[in-house]
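> Predicted structure and sequence below. I'll ask about it afterward.
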There are 2 protein chains.
Amino acid sequence: MHTSVTEENYLKAIFALSNGNLQAANNQQIADKLSINPASVSDMLRKLSERGLIAYHRKTGALLSEEGMQVAAKTIRKHRLWETFLVQQLNFTWDEVHEVAEQLEHIDSEKLIQEMDKLLGYPKFDPHGDPIPDGNGQLPKYHPIALSNAGIQKIYILCGITNHSSAFLQFLDTFSLGIGSTVQITGFQPFDRSMSVLLNQTTSTVFSFTVCSNLLVMQ
Amino acid sequence: MHTSVTEENYLKAIFALSNGNLQAANNQQIADKLSINPASVSDMLRKLSERGLIAYHRKTGALLSEEGMQVAAKTIRKHRLWETFLVQQLNFTWDEVHEVAEQLEHIDSEKLIQEMDKLLGYPKFDPHGDPIPDGNGQLPKYHPIALSNAGIQKIYILCGITNHSSAFLQFLDTFSLGIGSTVQITGFQPFDRSMSVLLNQTTSTVFSFTVCSNLLVMQ
DNA sequence: TTTAAAATTTAGGCAAACCTAAATTTTAAA
DNA sequence: TTTAAAATTTAGGTTTGCCTAAATTTTAAA
């Protein structure tokens, strides 16, 4: 199925707003996200629905169909692979990649994206730590490990904690650290098993072994 | 000045048809080249003319203005850099690159193209042997040398000959070799100064020193 | 339960780029 | 030089995707 740039942007927005197609996205949310007038969104939702890419009802909102999901995942896959390429090979910074990736994600070439994937070594996460869907639109499996068991230099996503005390939560809060934050391990001190970490690609600090063993991360 | 994908395609077509802005391109030629109805071309030529990107008159045809030339050169620069990238780094073959480069050439990011240029080592010619305009839209200078003085492994463009005998011309003809053909030097035999060459990226053969000294090539 | 506010849709338009069919202009042959 | 053919333009339409303003529907407060 051929999809226009506009359609792909709507599907991507619905994917994001629906939190991976869990809760339906309504007109207003989509209009806000895309900075498009609700009347126009109404039009497009009807069209996407007629094309079988979403299920939509004005009261309940929009969810992606099987096919819509495929398109969205493919577009996100391209976006994140391009971001990875721009940062790793073209010296783009974190904040520069998005605008360009928004354009590149709509380039239509199966070979291009396969070769790009290969060139980058089949990455599972982009430089922001967001997961890259595979060629079938599947997100990488969720395999949490304690940060204390994680490998040096790698970038992880915080996906859970094993200590729910308010003291610990407050501690995390002082670093603006939450589920989905990225944690890159930049160093390890064997004598106390503490780790130097880079949080959200911005804040450098050191976490004790106690902290590290209470943070669940995935690749 | 912002230009649409469509406008860029028209300017590129006019550049190509006008042979680098030497002889004006007429409606019909542009319509054929872009597979667009002459009536539509008429509309667009008026628009481009109003925007100051071309000089157009129905009798004399279209030529690029200074500004139109800049846009065309920039688009061609992007196209050829992308082709080079696709072939060199993403294992695309000669015939696969065009379709994708047609899309990529319209991506708008100064940094992207600068970094791509750097990544590729500031190439002057693309894999087809076509010259890549520099950041200011200038084509590389024409510096012909005898093939016998050229460097191994490099790709050259045949740009002239110093022997115009029909025997020599016929000889070239058997290899479909003409001005604009590419010649890559794949080997050099010092004992007779003969060269192994790859012609037009397809035909492998060996040229004697005599042949090599009568072929003018440029980088 | 009524009613006001908020969300959504409908109606009517616009711009970009394309089209076909019908002029009109240019070129070239008789 | 006339005239027919070819090239080009104009006129009137289409589709996509957006807009504003005016309904309409839904939600939530009184």
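Ah, there it is. Every value quoted in this text rests on a predicted model; they were computed, and no experiment measured them.
> now the residue most central in space within chain A, nearest residue through space, not along the chain?
Here the mean C-alpha position of chain A is nearest to the C-alpha of A:Asp130 (C-alpha atoms, centre = their mean), at a distance of 3.0 Å. Nearest residue to A:Asp130, sequence neighbours excluded (C-beta to C-beta, 6 or more residues apart in numbering or on different chains): A:Arg80, at 5.9 Å. Every residue, glycine included, has its C-beta placed from N, CA and C.
> my read: that neighbour touches A:Asp126, true?
Yes - judged on C-beta atoms under 8 Å, A:Arg80 makes contact with A:Asp126 at a distance of 3.9 Å.
> returning to what we had before: thought A:His79 was touching the residue nearest to the centre of chain A, still the case?
No - A:Asp130 is beyond contact range of A:His79, at 9.0 Å (criterion: C-beta under 8 Å).
> if we can go back for a sec, so what's in contact with A:Arg80 and A:Asp126 at the same time?
By the contact definition C-beta atoms under 8 Å, 6 or more residues apart in numbering or on different chains, A:Arg80 and A:Asp126 are jointly contacted by A:Ile132.
> Can you tell me which residues in chain A are near DNA strand D?
A:4-7, A:35-37, A:39-40, A:43-44, A:47, A:58-59 (C-beta under 7 Å from any atom of the strand).
> Can you name the helix or strand that the residue nearest to A:Asp130 falls in?
helix A:66-89 (DSSP states H and E).
> sorry, back to before: count residues in the vicinity of the residue nearest to A:Asp130, would you?
Using other C-beta atoms under 10 Å in any protein chain shown, A:Arg80 is surrounded by 23 other residues.
> And it, how far from A:Ile30?
Note on A:Arg80: its distance to A:Ile30, by C-beta to C-beta, to the nearest Å, is 21 Å.
> again with A:Glu105
Counting by C-beta to C-beta, the gap from A:Glu105 to A:Ile30 is 18 Å.
> Check A:Thr182 too.
Following C-beta to C-beta, the distance that separates A:Thr182 from A:Ile30 is 27 Å.
> Between those two, tell me which one has more neighbours.
A:Ile30 (24 against 21).
> List the residues that contact that one.
Counting by C-beta under 8 Å, 6+ apart, A:Ile30 has contacts A:Tyr10, A:Ala13, A:Ile14, A:Leu17, A:Ile36, A:Val41, A:Leu45, A:Ala62.
> A:Phe125 too?
A:Arg80, A:Pro131, A:Ile132, A:Pro140, A:Ile155, A:Ile157, A:Gln219.
> rerun at 7 Å
Listed by C-beta atoms under 7 Å, 6 or more residues apart in numbering or on different chains, the contact set of A:Phe125 reads A:Pro131, A:Ile132, A:Ile155, A:Ile157, A:Gln219.
> Please apply the same query to A:Ile185.
With C-beta under 7 Å, 6+ apart, A:Ile185 has these contacts: A:Ala150, A:Gly151, A:Ile152, A:Gln153, A:Lys154, A:Met195, A:Val197.
> which pair in those spans the largest distance?
A:Gly151 and A:Val197 (12.6 Å; C-beta to C-beta).
> ranges for the strands of chain A?
A:54-57, A:61-64, A:145-146, A:155-161, A:182-189, A:194-199, A:203-207, A:215-218 (DSSP state E).
> what sits up against the second one?
Under the criterion C-beta under 7 Å, 6+ apart, residues A:11, A:14-15, A:18, A:21, A:24-26, A:45, A:54-56, A:72 lie in contact with strand A:61-64.
> on that earlier part again, relative to DNA strand C, how far out is the residue nearest to the centre of chain A?
27 Å (C-beta to the nearest atom of the strand, to the nearest Å).
> does that residue really touch A:Arg77, like I thought?
No - look at A:Asp130 against A:Arg77 with C-beta atoms under 7 Å: they stay out of range, at 10.8 Å.
> The residue nearest to A:Asp130 against A:Pro127, yeah?
No - A:Arg80 is beyond contact range of A:Pro127, at 8.8 Å (criterion: C-beta under 7 Å).
> circling back to that earlier point, how about the residue nearest to A:Asp130, what does it touch?
A:Arg80 touches A:Asp126, A:Asp130, A:Ile132, counting by C-beta under 7 Å, 6+ apart.
> Just give me the neighbour total for A:Gly151.
Neighbour number of A:Gly151 under other C-beta under 10 Å is 10.
> Spatially nearest residue to it, not counting backbone neighbours?
In space, A:Gly151 is closest to A:Ile185, 6.9 Å off (C-beta to C-beta, 6+ apart).
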